[in-house]
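Q: Next come a sequence and a model predicted from it.
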Amino acid sequence: MPTKTPQTLTLGDQLKIFGRSGLEQAAWNYPRLQNLGFCYIMIPAIERLYADKADRQAAATRHLASFNTMPYMQSLITGVTLSLEEQHARGDAVSAADINAMKVGMMGSLAGVADPVWWGTWRPILSAFAASLALSGFGIVGPLVFFIAWNLVRLGFRWWAQRWGYQQGLHVIDYLGSGILQKLTLGASIVGMFVMGALVPRWVRVQLQFSWTTSTHTDYTLQKVLNQLMPGLIPLVLTLGCVWLLRHHVKPSWLLGGVLVISLVGYALGLLN
Amino acid sequence: MTGAIIAILIIAFLAGIEGVTDEWEFQQPIVACTLVGLAVGQPLSGVTLGATLQLVTLGWMNIGAAVAPDPALAAVVAAWWVSGPAHLPVAAGVILALPLAWVGQVLTRLLRHLIVPLVAQADQAAAVGDLHRITRLHLYSAALQGLRVMLPTAVLLLIPASVLRQGYQWLPTSVHGGLRVAASMLAVVSFAIVINMMATKQVWPFFFLGFALATDQHLSLIALGMIGVALALIYVSIQPTGRGPQPPTGGQSGDTTEDELDRELDDL
């Protein structure tokens, strides 16, 4: 092995790998999850680094091992893997087992941090903002804002993460251990909770249809009273009720069905409008 | 119309790939419905359905090995029914999207099993060092994901618009009204899913802050977003990490770092 000419990845290889990373999850399967996707992404690197057929077989087989992470964080893991594969190909003291251990070590913890940030905070907020634009008269600007902002951030992050992982190698783990991820998750949860709280009164519309007459007032509707107490009180109660039910392991599909039934019955009885 | 149908099938194919890869987000209703609306020359109704449906689906996320309801099939077909010749109301489109999303979820799960023999072929290709074959196999699986949504869409496009139209008109008007109420109420479930994912004792107060401020209609969503980000920055910078001082030594071995990351995972 040490007799081989040392190979490094070119910028072109890295761009090819970056391009392939956008299909990572296409072959999602049980029970090996994103394994084929990861191997597919690594192929330009395997071609560059290993001329020997036996080495190529070993590398391809190694990257077909079970793998699953939040897809965008895969770029960071890919970057570190590229750095380690380069060292391995040069004959440095990085074994195949080390590469696998790093992948397994990073994939779970990174997914645990990245899922709430991307799927739990950024996508709901951006898409709700875009939907608000679309529904308040801006029309097609809403979808455009969503599509452009999402993909600029995603592609930028993926490229940066792959480059950074490749340059830093295993040092990435030290950075991530310094509490930065914890802060990021906490910050994202705060923004997410705040914006969800803001969306509830803005985008859940429930109009009660109760009215009654007293000796002093006429045309007294329950909705008017509630609006004076606090607008959006009923959506708030509904949301908190749904959270409570989810915490008690009621499936979201049952909640959707339940809301549908309440709406149909409520409207038919003249309670909701 | 043939052109529009071909365009819709292409959109369905893209949405099918994206429903699994989650990259360009063509499967999100706000994108998919808009594209279908454009394809049939009714962009405005497509956007309206897309935005309304987006609020209902924004909490659906594929996390770990779990499969959420799939908005891809739902968004494309519902948009055809609303913006296409059937011209169903937006509320009916939102409600009809729910069973379609469930069908999409079942198909996603199914394909995750059916694709296993293809992955086994990749193992064989790796064993003989045939890297090009691995690339091809992966692209085939992406195409299968596209067909996963395109084929059911093609079947559903065959339902004549008049049947849908008559079916909707056959429903009593009280049901029409009920559907309208439901379409504007269903977003609570998505909001609850997102909240349930992130809520800890520490961050609940921010939910109520957001709620209270948003009831003042003078604040725009951008202003609310700024307040939220500012609060988060302030809180994170003044808050001690909560699990004692950091170990003073910088260069830790990989093991302890991983343990630390795992602990963070447990907290979530």
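A: That came through fine.
Q: Please give me every residue in contact with whatever residue of chain B ends up closest to chain A.
A: At 2.8 Å from chain A, B:Gly210 is the closest residue in chain B, using Cβ to the nearest Cβ. Where you see a C-beta, it was placed from the backbone N, CA and C, and this is true even at glycine. The contact partners of B:Gly210, taken as Cβ atoms under 8 Å, 6 or more residues apart in numbering or on different chains, are A:Met193, A:Phe194, A:Val195, A:Met196, A:Gly197, A:Ala198, B:Leu224, B:Gly228.
Q: May I ask which two of the residues you listed are separated the most?
A: Greatest spatial distance among the contacts of B:Gly210 (Cβ to Cβ): A:Met193 and B:Leu224, at 12.5 Å.
Q: which one of those two has more residues nearby?
A: A count of neighbours by other Cβ atoms under 10 Å in any protein chain shown puts A:Met193 above the other of A:Met193 and B:Leu224, at 30 against 21.
Q: so which helix or strand takes in the more buried one?
A: helix A:181-203 (DSSP states H and E).
Q: Do me a favour and average the pLDDT over that helix.
A: Averaging pLDDT along helix A:181-203 gives 91.
Q: Stretch B:86-99 near chain A anywhere?
A: Yes: interface with chain A: stretch B:86-99 contributes B:Ile95, B:Leu98 (Cβ under 8 Å from any Cβ of the partner chain).
Q: Show residues contacting that stretch.
A: The contact list for stretch B:86-99 (Cβ under 8 Å, 6+ apart) reads A:256, A:260, B:29, B:45, B:48-49, B:52-53, B:56-57, B:69, B:71, B:74-75, B:77-82, B:161-162, B:164-165, B:168, B:176, B:179-180, B:182-184, B:186.
Q: change it to 6 Å
A: A:256, B:48-49, B:52-53, B:74, B:78, B:81-82, B:161, B:164-165, B:168, B:179-180, B:183 (Cβ atoms under 6 Å, 6 or more residues apart in numbering or on different chains).
Q: Mind giving me the PyMOL select for those, buried ones only?
A: A single PyMOL command is used to select the members of these judged buried by 16 or more other Cβ atoms under 10 Å in any protein chain shown:
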select buried, (chain A and resi 256) or (chain B and resi 48+49+52+53+74+78+81+82+164+168+179+180+183)
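Q: between the contacts of stretch B:86-99, which is closest to A:Val243?
A: Of the contacts of stretch B:86-99, the one sitting nearest to A:Val243 (Cβ to Cβ) turns out to be A:Leu256, at 14.6 Å.
Q: Check which helix or strand the closest one maps to.
A: helix A:252-268.
Q: Check the model's average confidence along that helix for me.
A: On average, helix A:252-268 scores 93.
Q: List the buried residues for it?
A: In helix A:252-268, counting by 16+ other Cβ under 10 Å, buried: A:Pro252, A:Leu255, A:Leu256, A:Val259, A:Leu260, A:Ile262, A:Ser263, A:Leu264, A:Gly266, A:Tyr267.
Q: any idea how far chain B is from the last one?
A: According to Cβ to the nearest Cβ, to the nearest Å, A:Tyr267 and chain B sit 4 Å apart.
Q: so how many other residues sit close to the residue nearest to A:Leu233 when sequence neighbours are not counted?
A: Nearest residue to A:Leu233 in three dimensions, chain neighbours excluded: A:Leu226, at 5.4 Å (Cβ to Cβ, 6 or more residues apart in numbering or on different chains). Counted with other Cβ under 10 Å, residues neighbouring A:Leu226 total 16.
Q: ditto for A:Tyr72
A: When counting by other Cβ under 10 Å, one arrives at 22 neighbours for A:Tyr72.
Q: just to revisit the earlier point, so which strand or helix has the residue of chain B closest to chain A?
A: helix B:204-214.
Q: Flag every buried residue along that helix.
A: Here helix B:204-214 shows B:Phe206, B:Phe207, B:Leu209, B:Gly210, B:Phe211, B:Leu213, B:Ala214 as buried, counting by 16+ other Cβ under 10 Å.
Q: before we move on, back to that, the residue nearest to A:Leu233 is in contact with A:Pro235, isn't it?
A: No: applying Cβ atoms under 6 Å as the test, A:Leu226 and A:Pro235 come out as separate, 10.7 Å apart.
Q: so what sits against both of the two?
A: Joint contacts of A:Leu226 and A:Pro235 (Cβ under 6 Å, 6+ apart) do not exist.
Q: orientation of the helix holding B:Gly210 relative to helix A:181-203 in degrees?
A: Counting by axes from the mean of the first three to the mean of the last three Cα atoms, to 10 degrees, helix B:204-214 points 30 degrees away from the direction of helix A:181-203.
Q: Briefly note if the helix or strand just after helix B:204-214 comes near chain A.
A: Using DSSP H and E, the helix or strand that follows helix B:204-214 in sequence is helix B:221-238. Yes: judged by Cβ under 6 Å from any Cβ of the partner chain, helix B:221-238 and chain A are in contact via B:Leu221, B:Leu224, B:Gly228, B:Val229, B:Ala232, B:Tyr235, B:Val236.
Q: Now do helix B:221-238: which elements does it pack against?
A: Judged by 3 or more Cβ pairs under 6 Å, 6 or more residues apart in numbering or on different chains; DSSP states H and E, helix B:221-238 is in contact with helix A:181-203.
Q: Output the contacting helices and strands for the helix it packs on.
A: Checking 3+ Cβ pairs under 6 Å, 6+ apart, helix A:181-203 ends up next to helix A:233-247, helix B:187-198, helix B:204-214, helix B:221-238.
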